[in-house]
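[1] below: sequence and its predicted model.
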Amino acid sequence: MESGAIKPRGYTLEPEAASQLSTFEDASPADVAEMLFGRAAAQSNTRICEEVLVTLLRRNAAAGDEKLAWRIAAEITQRVKGRIARTLTLWRLDQPESIAEDVIDEILTATYEALFDLSERERFWEIRFWVAFDRRLIKIARAKRTLLDTSQSQLPQEDELSHTQPAGASSVFGAPSLQNPVDAVLAGEALALLSPNERTAFLLKHVAGMPEHSEKQNGPVTIAQVLNVSPRTIRNYLARAEKTLAEWRNPSSAEYSISR
Amino acid sequence: MITQAPDAQTDEMMALMAFDEHRRSGLPLPDAIRATVAEFPRQAVSIADYAMQAGVLGSDESSRTSNPVAVKTPLIALVDKIAQSKLQQQSSDTITSIISRAESVLGSSATLAQTLEVGQSLLLKLDRRMIQFGTIPAAFLQALAERLQLSRAAIDDYLQMPPRLALSADYKSRKRPVATTQTFDQAMAASLATGEIEAGIRPWQATPDE
């Protein structure tokens, strides 16, 4: 529906990134390397934007300077490693180590493939790096989480139970409450326990305040319309989501281990 | 710098960028979600997950210091270890384009064509992986690797990836164009037919290695 209705829009580089990029305009590969990794760069307080790094990586890859391109890729990797680790924690993919290794490998491979794919469809990385990167991260994490949830037995292992309530989570978030959905949404660990549809329905209702459904012809966009399911299915999604979140708030509840 | 979304497949990315734009413009999280979902209803699941991730981790890594998701150092070390191994593997022996590599190592793709005694059109087809890998003679692959100062494995890996279209072509059709492939012999014959190479030169007719 939206691809026909929405006109393609143009996205522009942020002013800071555009300004930084202009300083590299006539630079040779040697100059670029010096400007990025030389002594002056090390002493400078200016942090080169990720979008600029991606653009320079792709320019040099297109010009055949793979060595410099991969050096820039290494710099980008340093910038994203913390975020990868946090995403693994958020989606409960950090243990056991073999799973974490698989996911990290997949994320890095996908990232490098996208960075070195010089076609137009990956140009977004040059315009909004973190949006493009998070999209990849989430896609991989969601797929892996769904696969694990499907393949694991109904009863969780001992170490899984301790994992779903990270140490210190309650002190960080307070006690996330369904009466305070913004707090609840910030408790990402809890939302990551839900299935994609449950999570979407919960977020659209409790955070975005969208109606579950509407009888009106030209009424507001509803959750049932968005997810293309019946109002009853939406009610089921929400009921399951609220049950899971309530159990997350009270992990000592016996219901938790039964439902998961 | 401006880029346009080329087709409907970028809907998800457009939706996430729209959400990001809403947040950057100062729209509160609920309003940003509502506005983006109304605009891109088919991307609701992606928008919800992105909103969750952005809500918890912040919109970029600079929010690290105030980040509520505590991460153990060994996990970051694990990411680092895997990344280093992949980077080392890649940076030592990969190519992104045969033509670019030839220009970088030999000065021009014409020099490579000349030393291999093939037409430049054949090199261009190889560059875009439009020649079926299994039909390329092993001796040719070896010679190509040597001229480009790469391992045979790096050449094999590159040529076995899917074919790609010209990067800068301005495709007008709404249908996605498809790259067609041919055999090595067909590409050689085409070079001969167009007079790119002399009729007497056909050193690459050995049996393919696969």
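    Structure's in. What do you need?
[2] next, the most centrally placed residue in chain B: secondary structure please.
    By C-alpha atoms, centre = their mean, chain B has its centre lying nearest to residue B:96, at 7.3 Å. Following DSSP: H, G, I helix; E, B strand; the rest coil, we place residue B:96 in the coil state.
[3] name the nearest residue to it, sequence neighbours excluded.
    Of all residues not flanking residue B:96 in the chain, residue A:61 sits nearest, at 4.7 Å (C-beta to C-beta, 6 or more residues apart in numbering or on different chains). Any C-beta I mention is one placed from the backbone N, CA and C, and that applies to glycine too.
[4] got it, and residue A:75?
    Spatially, and ignoring its direct neighbours in sequence, residue A:75 is nearest to residue A:53 (6.1 Å; C-beta to C-beta, 6+ apart).
[5] element containing the residue in chain B positioned nearest to chain A?
    Proximity of chain B to chain A (C-beta to the nearest C-beta) peaks at residue B:100, 3.0 Å away. Element membership for residue B:100 (DSSP states H and E) is helix B:98-106.
[6] ok, residue A:35 - how many residues close by?
    17 (other C-beta atoms under 10 Å in any protein chain shown).
[7] verify the contact between the residue nearest to the centre of chain B and residue A:69 for me.
    Yes: under the criterion of C-beta atoms under 8 Å, residue B:96 makes contact with residue A:69 at 7.4 Å.
[8] low pLDDT regions in the stretch 151-260 of chain A?
    The stretch 151-260 of chain A contains residues with pLDDT under 70 at A:152-189, A:251-260.
[9] for it, what spans make up the strands?
    Along the stretch 151-260 of chain A, no stretch is classed among the strands by DSSP state E, counting those that start in this stretch.
[10] which residues in it form helices?
    Along the stretch 151-260 of chain A, the segments classed as helices by DSSP state H, counting those that start in this stretch run A:158-164, A:169-173, A:181-186, A:188-191, A:196-202, A:223-227, A:231-249, A:254-259.
[11] touching, residue A:220 and residue A:212? I think so.
    No: taking contacts as C-beta under 8 Å, residue A:220 lies outside contact range of residue A:212: 11.1 Å.
[12] can you point out the buried residues in the longest helix belonging to chain B?
    Identified as the longest helix of chain B according to DSSP state H is helix B:73-92. Buried residues in helix B:73-92, defined by neighbour count with 16 or more other C-beta atoms under 10 Å in any protein chain shown: B:75, B:76, B:78, B:79, B:80, B:82, B:83, B:86, B:87, B:90, B:91.
[13] remind me what that helix packs against, helices and strands.
    helix A:66-90, helix A:97-116 (3 or more C-beta pairs under 8 Å, 6 or more residues apart in numbering or on different chains; DSSP states H and E).
[14] out of these, which is the most enclosed?
    helix A:66-90 (a mean of 22; mean count of other C-beta atoms under 10 Å in any protein chain shown).
[15] now do that one against helix B:73-92, angle only.
    Computed by axes from the mean of the first three to the mean of the last three C-alpha atoms, to 10 degrees, the angle separating helix A:66-90 from helix B:73-92 equals 160 degrees.
[16] could you pull up the mean pLDDT of helix A:66-90?
    The pLDDT scores in helix A:66-90 average 89.
[17] do the same with stretch A:30-49
    Stretch A:30-49 shows a mean pLDDT of 84.
[18] what about residue B:111, how many residues nearby?
    Neighbours of residue B:111 (other C-beta under 10 Å): 14.
[19] which of the three states applies to it?
    Applying three-state DSSP: residue B:111 is helix.
[20] so who does it touch?
    Neighbouring residues of residue B:111 by C-beta atoms under 8 Å, 6 or more residues apart in numbering or on different chains: residue B:102.
[21] okay, and residue 52 sits in which element?
    Using chain A. Assigned by DSSP H and E, residue A:52 belongs to helix A:50-62.
[22] my bad, chain B
    helix B:44-57.
[23] is that helix anywhere near chain A?
    Yes: counting by C-beta under 8 Å from any C-beta of the partner chain, chain A has neighbours in helix B:44-57: B:44-46, B:48-57.
[24] need those residues in CSV (columns: pLDDT and neighbour count).
    Output for these, formatted as CSV (pLDDT from 0 to 100; neighbours: other C-beta atoms under 10 Å in any protein chain shown):
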residue, pLDDT, neighbour count
B:44, 89, 28
B:45, 88, 20
B:46, 89, 23
B:48, 87, 28
B:49, 87, 26
B:50, 88, 24
B:51, 85, 27
B:52, 81, 26
B:53, 79, 25
B:54, 76, 23
B:55, 70, 20
B:56, 67, 22
B:57, 66, 24
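[25] surely residue B:86 touches residue A:111?
    No: between residue B:86 and residue A:111 there is no contact under C-beta under 8 Å: 9.8 Å.
[26] run through chain B and note the low-pLDDT ranges.
    For chain B (pLDDT under 70), the answer is B:1-9, B:56-72, B:90-94, B:165-179, B:197-210.
[27] still on that earlier bit, could you dump the helices and strands packed on helix B:73-92 into a markdown table with distance to residue A:250 added?
    Below are the helices and strands packed on helix B:73-92 laid out as a markdown table (distance: least, C-beta to C-beta, whole Å):
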| stretch | distance to residue A:250 |
| --- | --- |
| helix A:66-90 | 21 |
| helix A:97-116 | 27 |
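[28] name the SS class of residue A:48, please.
    coil.
[29] now the residue nearest to it when sequence neighbours are not counted: which helix or strand?
    The shortest distance from residue A:48 to any non-neighbouring residue, by C-beta to C-beta, 6+ apart, is to residue A:20 (6.0 Å). If you go by DSSP H and E, residue A:20 is part of helix A:15-22.
[30] in the stretch 1-150 of chain A, what residue lies closest to chain B?
    residue A:64 (3.0 Å).
[31] am I right that that residue falls within a strand?
    No: assessed with three-state DSSP, residue A:64 is coil; it does not lie in a strand.
[32] that one against residue B:103, yeah?
    Yes: shown here, residue A:64 and residue B:103 form a contact pair, counting by C-beta under 8 Å, at 5.5 Å.
[33] and residue A:24, how many neighbours?
    16.
[34] that one belongs to a strand?
    No: with three-state DSSP as the criterion, residue A:24 is located in coil rather than a strand.
[35] surely it meets residue A:52?
    Yes: in this structure, residue A:24 is within contact of residue A:52 by C-beta under 8 Å, at 7.2 Å.
[36] the nearest residue to residue B:106 once chain neighbours are set aside: what's it in contact with?
    Nearest residue to residue B:106, sequence neighbours excluded (C-beta to C-beta, 6+ apart): residue B:112, at 5.4 Å. By C-beta under 8 Å, 6+ apart, residue B:112 lies in contact with B:98, B:102, B:106, B:123, B:147, B:148.
[37] and the third one, how many neighbours?
    By other C-beta under 10 Å, 17 other residues sit near residue B:106.
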